[in-house]
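> pasted the sequence and its predicted model underneath.
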Amino acid sequence: GLLEYFAGQLLPTTTIKAGSKVIAIRMKRADFASWVERDFPAYKMVTAAFARQMYPTMANQCAISAYSKKELFVNYIISRYSKEIKEAGICRIPAKREDMALLFGASVRTVYRIQEELREEGLISIDKKKITVNAEQLGKLEELQFSEE
């Protein structure tokens, strides 16, 4: 819940599974907000712990902001749906444009613009307002995929 709290979001982004025995604290959002807003040493402790948790992820993704939103869009489709596309020959992407916009740090308008560019290039199709990708399109998308080196 720390990410959601600090980002001012209500919906969770992840579910954490512990790989070993852990001690967890659970409290209402309002109680947490009141606590960290009143107690600066507690706020520093919580943000430092949060930073230590996020640092490895961000260090691995440090170059993400250097990539265009189109490259992020393409990589998202490949990383999330290539297995299904390869197995079934086609996949209807269930993600909403609003969710993709949040994921890429883009506006919904930008997501629609990128979607239209990819459709015009024959790299995706639109069926009943949903993005679909077939095996041939996946191959072309993979040629565009940015490397994570």
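Nice, I can see it.
> check contacts around the residue positioned nearest the centre of the chain.
For the chain, the residue whose C-alpha lies nearest the mean C-alpha position (Cα atoms, centre = their mean) is Leu103; its distance is 3.7 Å. For Leu103, the contact set (Cβ atoms under 8 Å, 6 or more residues apart in numbering) comprises 72, 76. Glycine gets a C-beta too; all of them are placed from N, C-alpha and C.
> can you pull the pLDDT of it?
At Leu103 the predicted local distance difference test score is 81.
> distance of it from Ala95?
Plainly put, Leu103 is 8 Å away from Ala95 if you go by Cβ to Cβ, to the nearest Å.
> now the helix or strand hosting Ile77: average pLDDT?
Here Ile77 sits within helix 69-88, counting by DSSP states H and E. Per-residue pLDDT over helix 69-88 has a mean of 91.
> from the chain's centroid, how far away is that helix?
The gap between where helix 69-88 is centred and where its chain is centred comes out at 13 Å by Cα atoms, centre = their mean, to the nearest Å.
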